[in-house]
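Asker: got a predicted structure plus its sequence, pasted below:
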Amino acid sequence: MSVSVSLTDSRARVGVWLIGARGSVATTAVAGCAAVTAGLHAPVGMVTETPPFAETGLPALSSLVFGGHDTLDCPLPKRAEALAAGGVLPHGLPAAIAAELAAADRGIRPGGPLPGDTRGPEELIETFAADIRDFARHHGLTRTVVVNVASTEPVADGSGLPPSSLYAAAALRAGCPYVNFTPSTGLHHPALTDLAASSGLPYAGRDGKTGQTLLRSVLGPMFAQRALAVRAWSGTNLLGGGDGAALADPAAAAAKNAGKERVLTDTLGTTPEGETHIDDVPALGDWKTAWDHVTFDGFLGTRMTLQTTWQGCDSALAAPLVLDLARLTARAHEAGLTGPLAGLAFYFKDPVGDAPSSLGAQYEALTGFAQRLRTTPEAGRAEGAR
Ligand SMILES: NC(=O)c1ccc[n+]([C@@H]2O[C@H](COP(=O)([O-])OP(=O)(O)OC[C@H]3O[C@@H](n4cnc5c(N)ncnc54)[C@H](O)[C@@H]3O)[C@@H](O)[C@H]2O)c1
């Protein structure tokens, strides 16, 4: 793979504020950014490091500064060691990037609400926003992107703002672009619609597309384009880790499965029979097996079947996308883009804005988005030109 974007750009530093900063995805993103910046590993899986993103003015990986919120207090270096022991991170990597892990760990603040927390929504939002502002001030950051990679919460029951929405409101209050990599509510709460619209900030989401849904967004259009009639599409996911444990809650799994099924309806134009299930298998750790079973009719009603097996390491699939999204959203903010970033639909199960649902069309929209960034001057260049 060719590396087309400079990793040693000396432009101003950009903050990446991770909600769920001690989780598997967050830890892998921090460790991966340090490993690639140090030249220890190639940026495999990072779409922003491929030729269509050259000269789009994205912040260099070396310019990213990490911090965030988490309700756990396990130190990041320890979390990275556990991921290395599980084979998610390369053996020896946590020691090689110990300084970067320790620096990110110092940027993590207690999240909420914690058990027995007596703080109301307003106080929590203000505390979270103040933490983000302090981080930006302390590091002299030009901008900070807030990325939600916290545990999936149960589908909102309509009573008040769920934690993901408190964090999203805090991001807006702190003047930060926002990315929701999870299926949780985040900015999709009716109480935040006007605030998001009037904030003048760009935002993207929801729920990173890394495995089964990625495959569905390629296969669904194939069936539709070949005029084959899909009758049923069933899927089962076996996964462990923190995500597996969180999704063992049927209400949390419902949020995830809704996105997986929506991709089929959108790409096929009909809703096939069949369901999607998620089973928590702790022994699998961060590895996931996703099976899909598709029954379809061909010419003259001839019945056929396609079965797929996806065996992925979830955090290794998700972390490069989190880095891509942080860079693209930071650059969109610099370029003055506001509102839902439909051009980033390529990354999500349930994209914001008016976005196509097939992966091919989403990739075209993404490269169009890159072209838009390329033709919008960087802040530094614009100032220099004045
Ligand atoms: N890995 C993938 O391929 C993938 C794809 C799409 C979406 N996601 C989503 O990314 C999220 C993270 O996945 P993971 O595997 O890192 O999970 P994880 O369980 O390892 O990490 C989640 C972290 O969120 C923290 N957290 C929980 N509640 C919090 C709160 N109120 N405030 C702050 N922090 C809180 C937890 O303490 C934990 O450290 C999940 O929602 C998952 O569904 C992952």
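Answerer: Perfect, thanks for sending it.
Asker: the residue in the stretch 201-350 of the chain positioned nearest to the ligand: how many residues sit nearby?
Answerer: Nearest residue of the stretch 201-350 of the chain to the ligand: residue 242, at 2.0 Å (CB to the nearest ligand atom). Any C-beta I mention is one placed from the backbone N, CA and C, and that applies to glycine too. Applying other CB atoms under 10 Å, we find 19 residues neighbouring residue 242.
Asker: sec struct for it, please.
Answerer: Of the three states, residue 242 takes helix according to DSSP: H, G, I helix; E, B strand; the rest coil.
Asker: which pLDDT value belongs to it?
Answerer: At residue 242, the model reports a pLDDT of 80.
Asker: what do you get for residue 383?
Answerer: Looking at residue 383, its pLDDT is 35.
Asker: likewise the one 3 residues further on?
Answerer: Confidence per residue is given as pLDDT, and for residue 386 that number is 27.
Asker: could you do residue 91 as well?
Answerer: We have a pLDDT of 96 for residue 91.
Asker: count of neighbours near the nearest residue to it once chain neighbours are set aside?
Answerer: Of all residues not flanking residue 91 in the chain, residue 84 sits nearest, at 5.7 Å (CB to CB, 6 or more residues apart in numbering). When neighbours are defined as other CB under 10 Å, residue 84 has 17 of them.
Asker: ok, for the spatially most central residue of the chain, nearest residue in space, not its chain neighbours?
Answerer: Residue closest to the average C-alpha location in the chain (CA atoms, centre = their mean): residue 181, at 3.0 Å. Leaving aside its sequence neighbours, residue 181 sits nearest to residue 208 (CB to CB, 6+ apart; 4.6 Å).
Asker: helix or strand right after the top helix by length along the chain?
Answerer: If you go by DSSP state H, the chain has its longest helix at helix 314-334. Using DSSP states H and E, the next helix or strand after helix 314-334 towards the C-terminus is strand 339-340.
Asker: can you list the strands that that following strand pairs with?
Answerer: Take DSSP bridges as the rule and strand 339-340 pairs in its sheet with strand 202-205 (parallel).
Asker: contacts for the strand it pairs with?
Answerer: Contact with strand 202-205 is made by 148, 177-181, 186-188, 196, 325, 328-329, 332-333, 337-341, 344, 347-348, 350-352, as judged by CB atoms under 8 Å, 6 or more residues apart in numbering.
Asker: out of the residues you listed, which are close to the ligand?
Answerer: Among the contacts of strand 202-205, proximity to the ligand is found for residue 181 (CB under 6 Å from any ligand atom).
Asker: now which of the contacts of strand 202-205 would you call buried?
Answerer: 148, 177-181, 186-188, 196, 325, 328-329, 332-333, 337-338, 340-341, 344, 347-348, 350-352 (16 or more other CB atoms under 10 Å).
Asker: returning to what we had before: what's the mean pLDDT across the longest helix of the chain?
Answerer: 97.
Asker: how about stretch 283-301?
Answerer: Mean pLDDT, stretch 283-301: 95.
Asker: could you chop this protein up by domain?
Answerer: Using automatic domain parsing, the domain parsing of the chain gives 14-208+316-374, 212-313.
Asker: who are the packing partners of the stretch of helix or strand residue 306 belongs to?
Answerer: If you go by DSSP H and E, residue 306 is part of strand 303-313. For strand 303-313, the elements it packs on are helix 212-225, strand 287-297, judged by 3 or more CB pairs under 8 Å, 6 or more residues apart in numbering; DSSP states H and E.
Asker: buried ones in the last one, by neighbour count?
Answerer: Residues of strand 287-297 classed as buried by neighbour count (16+ other CB under 10 Å): 287, 288, 289, 290, 291, 292, 294, 295, 296.
Asker: in its sheet, what does that strand sit against?
Answerer: Sheet pairing here is set by DSSP bridges, and for strand 287-297 it gives strand 229-239 (antiparallel), strand 303-313 (antiparallel).
Asker: centre of the chain to it, how far?
Answerer: How far strand 287-297 lies from its chain's middle: 23 Å, per CA atoms, centre = their mean, to the nearest Å.
Asker: try stretch 56-75
Answerer: Chain-centre distance of stretch 56-75: 13 Å, with CA atoms, centre = their mean.
Asker: that stretch spans what distance, first to last residue?
Answerer: For stretch 56-75, the first-to-last residue distance is 35 Å (CA to CA, to the nearest Å).
Asker: what distance do you get for residue 15 to residue 330?
Answerer: According to CB to CB, to the nearest Å, residue 15 stands 9 Å off from residue 330.
Asker: shared neighbours of those two, which are they?
Answerer: 143, 145.
Asker: circling back: export the strands paired with strand 287-297 as a markdown table, with columns for distance to the ligand and mean neighbour count.
Answerer: As requested, the strands paired with strand 287-297 are exported to a markdown table (distance: least, CB to the nearest ligand atom, whole Å; neighbours: other CB atoms under 10 Å):
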| stretch | distance to the ligand | mean neighbour count |
| --- | --- | --- |
| strand 229-239 | 9 | 19 |
| strand 303-313 | 7 | 13 |
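Asker: same list, those strands, but as JSON lines with distance to residue 62 please.
Answerer: Supplementary listing: these in JSON lines, determined by distance: least, CB to CB, whole Å:
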{"stretch": "strand 229-239", "distance to residue 62": "33"}
{"stretch": "strand 303-313", "distance to residue 62": "25"}
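Asker: pretty sure residue 210 is touching residue 318, no?
Answerer: Yes - if you go by CB atoms under 8 Å, residue 210 and residue 318 touch, sitting 5.1 Å apart.
Asker: of those two, who's got more company?
Answerer: Shown here are residue 210 and residue 318; by other CB under 10 Å, residue 318 has more neighbours (27 against 24).
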